[in-house]
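Trainee: need a structure here:
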Amino acid sequence: MLTLRVVNALVIMTQLAQTSGCANESEKIRGFHPCTRDRPEYTHQMETIRGSVPRPGGAVEKKGAAYRVLNVPVIHQMPRYPTGCEAVAMTMLLQWAGKSITVDQVIAHMPRGPKPQWKDGVLHAPDPREAFVGNPYDDRGSFGIYHQPLLRMLELFFPGRAVNLTDEPWEKIEAHLAGGVPVVIWGTIKMLPMKPTLTWKTPAGDSFQWRGNEHAMTMVGFDDTHVFVNDPYTGRLEIYRKELFIDRWRSMFSQAISIRIR
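Mentor: Numbers count the residues shown, from 1 in each chain. Coordinates of the predicted model:
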């Protein structure tokens, strides 16, 4: 007869196989996990980085009601970064701003923690508002990271110029883009619905539920009815219906970050 511990282990292995590795299958899930404070058990490799100063306003193409920031690189997360969309989106923004940096270097400076693990019948995992859950190079049992650690990274690259657009009105994001600066923004893969999935305990002892299909992109433009993003999942400029995109953005807690130009 299987013990309760073995049954629990089999359950979580099944759940992790179903809720991670979304970059390989659109129905697989990545997602959300709320925050607390910095935790020493996370692998922090952040340090002050001397980066290039952002250009004083990027080139913007305007056609009628459409705005598009030009010269933003497009980077495909596959196959090397199956769950690393946030690092890829960040790299696109940083390279546009003149920083000579690779996705691997961004990941090296990203705080990271272990994959979810069972302990005494309770599922434990890092807090994505503090560290990446798992490994962005791994598509099994790894999840993602939220805007707070990446905002701190932007501040290290460009002191005094990091911009937190999270929870701001949508119009403010569009105004920022119209001013010539891309935005790293959270939504869902292929605009799939958000899916509530695993619940675990953070190092702070809080219980949180993961919001699945989470995805980060680099927004480069918009018009009256559409949003233009450099999408790490496809490795292309994608055009999504604005009403749907805003709904998916809000389902992932309206997260967005960028930089301020001089």
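Trainee: can you list the weak-confidence ranges in this structure?
Mentor: Along the chain, the model assigns pLDDT under 70 to residues 1-57.
Trainee: Tell me where it has strands.
Mentor: Here the chain has its strands, by DSSP state E, at 60-63, 66-69, 112-113, 117-119, 122-124, 132-133, 162-164, 183-188, 195-201, 207-212, 214-222, 226-231, 236-241, 256-259.
Trainee: Check which helices and strands the third one is in contact with.
Mentor: If contacts are counted by 3 or more Cβ pairs under 8 Å, 6 or more residues apart in numbering; DSSP states H and E, strand 112-113 sits against strand 132-133. Every residue, glycine included, has its C-beta placed from N, CA and C.
Trainee: For residue 161, give its distance to residue 106.
Mentor: Distance of residue 161 to residue 106, given as Cβ to Cβ, to the nearest Å: 17 Å.
Trainee: So which of those two has more stuff around it?
Mentor: Taking other Cβ atoms under 10 Å, residue 161 and residue 106 do not tie; residue 106 has more neighbours (25 against 18).
Trainee: give the contact list for the more buried one.
Mentor: Residue 106 makes contacts with 87, 90-91, 94, 153, as judged by Cβ atoms under 8 Å, 6 or more residues apart in numbering.
Trainee: Any figure for the gap between it and residue 181?
Mentor: As judged by Cβ to Cβ, residue 106 and residue 181 stand 18 Å apart.
Trainee: repeat for residue 217
Mentor: 15 Å.
Trainee: between these two, who's got more neighbours?
Mentor: Between residue 217 and residue 181, residue 217 has the larger neighbour count (other Cβ under 10 Å), namely 30 against 24.
Trainee: is it true that that one touches residue 229?
Mentor: Yes. Counting by Cβ atoms under 8 Å, residue 229 is a contact partner of residue 217 at 4.2 Å.
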